[in-house]
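Asks: what follows is a predicted structure for the sequence shown.
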Amino acid sequence: RRIDSIESRLGVPLLYRGVQGAQLTPAGELAVARGRRILDEANVLVSAVRDLGQAAEGRVRVAIPIGMPPHAMLPIYEHCRAAHPKLTFDVAFCESPLDKLSTGADLVVHLGAQVPSGPWVTRTLLRVPEVLLASPAYLEERGSPGSLADLGDHDISTWRNPGADPLQLPLLGGGFHPISPTLVANDIHTLRLLAIAGQGIHFLPDAGLTPAPGEGIGLTTVLPQVVGREVALRVVVPDPTARSPSIRALQDSLLLFLGD
């Protein structure tokens, strides 16, 4: 009776009914998919309203890109735990963290050149240069490129930047330089380790972090006046969740830590 009532209001059938049972029509599939999302957003809204005025506590579901440097993640976690001891975390490392926004994530960390579109609230935590990097030992052995044409004599690896073409190096003066990379990967940390090991020249974000124990000396920027662009590290949350004390406190802690 409820389905009959909904079909009457919509003016289209939601189910095919037959001797083998009932199946969703295309209209029914759309109604189910969008309806579930609306219910999820309603539940998020209810939780956010209940949390207003409360302390930062409870479980926060976080989605983070694959390849964040472990030696940077540890102090961030320690800082957030010290600032908000009643918060607990459920962390997923994934290739497309933004996809988690539709499946229940409270907060997503996004690294990319473009602001994600959707019913989200986005805050920029940090802007990071994306550059060509190589180890000093590699450049001493193979020679340091003096021009874009010289890159053809080297193995180039690139990070798969969301929304960008890994076969094009962005130029500081505008435009792109085509390349044929030997490796394209979404794991920034692995690419950094390959660069440290002398496995070619790598195009990836570089936040200027102190090398982790065992990594040896730092990396050298290649063609710093020619190749590069800026990407942003952002936190993205569903609109209703943005008002939650726990989410706001966590974002403020991240901003404070990165500022320091």
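Replies: Here it is on my side, so go on.
Asks: can we go C-alpha only for contacts and neighbour counts from here?
Replies: Noted.
Asks: and after the lengthiest strand in the chain, which helix or strand comes next?
Replies: Taking DSSP state E as the criterion, the chain has its longest strand at strand 120-134. Next along the chain after strand 120-134, taking DSSP states H and E as the criterion, comes helix 136-142.
Asks: can you tell me what sits against that following helix?
Replies: Outside helix 136-142, the residues that touch it by C-alpha atoms under 8 Å, 6 or more residues apart in numbering are Gly198, Gln199, Gly200, Leu219, Thr220.
Asks: for the closest residue to Leu191 other than its chain neighbours, give me its contacts.
Replies: Once flanking residues are discounted, Leu191 sits nearest to His202: 6.9 Å by C-alpha to C-alpha, 6 or more residues apart in numbering. By C-alpha under 8 Å, 6+ apart, the residues touching His202 are Leu132, Leu133, Ala134, Ile156, Ser157, Thr158, Trp159, Leu191, Arg192, Ala195.
Asks: His202 should be in a helix, yeah?
Replies: No. Counting by DSSP: H, G, I helix; E, B strand; the rest coil, His202 is not found in a helix; it is strand.
Asks: got a pLDDT number for it?
Replies: On pLDDT, His202 comes in at 96.
Asks: quickly list what it is bridged to.
Replies: Under DSSP bridges, the beta-bridge partners of His202 are Leu133, Ser157.
Asks: the longest strand of the chain: how far from the chain's middle?
Replies: 10 Å (C-alpha atoms, centre = their mean, to the nearest Å).
Asks: quick one on the thing from earlier: against Thr190, how distant is the residue nearest to Leu191?
Replies: Applying C-alpha to C-alpha, to the nearest Å, the value for His202 to Thr190 is 11 Å.
Asks: same question, Tyr16
Replies: Counting by C-alpha to C-alpha, the gap from Tyr16 to Thr190 is 51 Å.
Asks: before we move on, what about Leu39?
Replies: 39 Å.
Asks: which residues in the stretch 101-250 of the chain form helices?
Replies: Assigned by DSSP state H, counting those that start in this stretch, the helices in the stretch 101-250 of the chain fall at 136-142, 188-196, 245-259.
Asks: in TSV: these, plus distance to Gly21 and mean neighbour count.
Replies: Below are those laid out as TSV (distance: least, C-alpha to C-alpha, whole Å; neighbours: other C-alpha atoms under 10 Å):
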stretch	distance to Gly21	mean neighbour count
helix 136-142	67	14
helix 188-196	50	21
helix 245-259	45	17
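Asks: could you give the average pLDDT over stretch 207-227?
Replies: 78.
Asks: one more: stretch 137-156?
Replies: On average, stretch 137-156 scores 94.
Asks: could you do stretch 94-114 as well?
Replies: Across stretch 94-114, the average pLDDT comes to 83.
Asks: got a list of contacts for it?
Replies: Outside stretch 94-114, the residues that touch it by C-alpha under 8 Å, 6+ apart are 37, 40, 60-66, 161-164, 186, 230-238, 241, 247.
Asks: coming back round to it: in TSV, list the helices of the stretch 101-250 of the chain along with distance to Leu98.
Replies: Formatted as TSV, the helices of the stretch 101-250 of the chain follow (distance: least, C-alpha to C-alpha, whole Å):
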stretch	distance to Leu98
helix 136-142	36
helix 188-196	17
helix 245-259	16
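Asks: of all these, which one is nearest Leu74?
Replies: Distance to Leu74, taken as C-alpha to C-alpha, is lowest for helix 245-259 among those, at 12.0 Å.
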